[in-house]
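Enquirer: What follows is a predicted protein model with its sequence.
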Amino acid sequence: MNGSVVEILPALTYKVELADRRTVLAHLAPAVKRGFVRLRLRDQVEVELTASDPGRGRIVKVIGPERE
């Protein structure tokens, strides 16, 4: 699911608002960490939700910033 970063939390954790207005806690996937990605507020990301807890997920792809 696509969403945008709304809050940066400690320990590489981000609060992401999804396209359907849900908010989830997400961490960076290992492949994204290796690329040394630094996320900022309103960056567009692709999130993979966990099966056991739909309120958590991991960021698998950075789509790009939503700049005005």
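Expert: Thanks, I have the structure now.
Enquirer: Quote the end-to-end distance of stretch 18-36.
Expert: Criterion C-alpha to C-alpha, to the nearest Å; first-to-last residue distance in stretch 18-36 is 23 Å.
Enquirer: The closest residue to residue 31 other than its chain neighbours: neighbour count?
Expert: Nearest non-adjacent residue to residue 31, counting by C-beta to C-beta, 6 or more residues apart in numbering: residue 60, 7.4 Å away. In short, each C-beta sits where N, CA and C put it, glycine included. Neighbourhood size, residue 60 [other C-beta atoms under 10 Å]: 15.
Enquirer: OK, contacts around the residue nearest the centre of the chain?
Expert: In the chain, the centroid-proximal residue (C-alpha atoms, centre = their mean) is residue 59; its distance is 4.5 Å. Residues in contact with residue 59 (C-beta atoms under 8 Å, 6 or more residues apart in numbering) are 14, 16, 26, 27, 28, 29, 32, 39, 45, 46, 47.
Enquirer: Now, those that are in helices?
Expert: Within the contacts of residue 59, residues falling in helices by DSSP state H are residue 32.
Enquirer: pLDDT-wise, what's the bottom of the contacts of residue 59?
Expert: Lowest in pLDDT among these is residue 32, which has 76.
Enquirer: just checking, that one touches residue 48?
Expert: No: contact criterion C-beta atoms under 8 Å: residue 32 and residue 48 do not qualify, at 11.0 Å.
Enquirer: And these two? Which one has more around it.
Expert: Taking other C-beta under 10 Å, residue 32 and residue 48 do not tie; residue 32 has more neighbours (19 against 12).
Enquirer: And that one, how far from residue 59?
Expert: Per C-beta to C-beta, to the nearest Å, residue 32 is found 6 Å from residue 59.
Enquirer: what does residue 45 give?
Expert: 5 Å.
Enquirer: same deal with residue 43?
Expert: Taking C-beta to C-beta, one finds residue 43 at 9 Å from residue 59.
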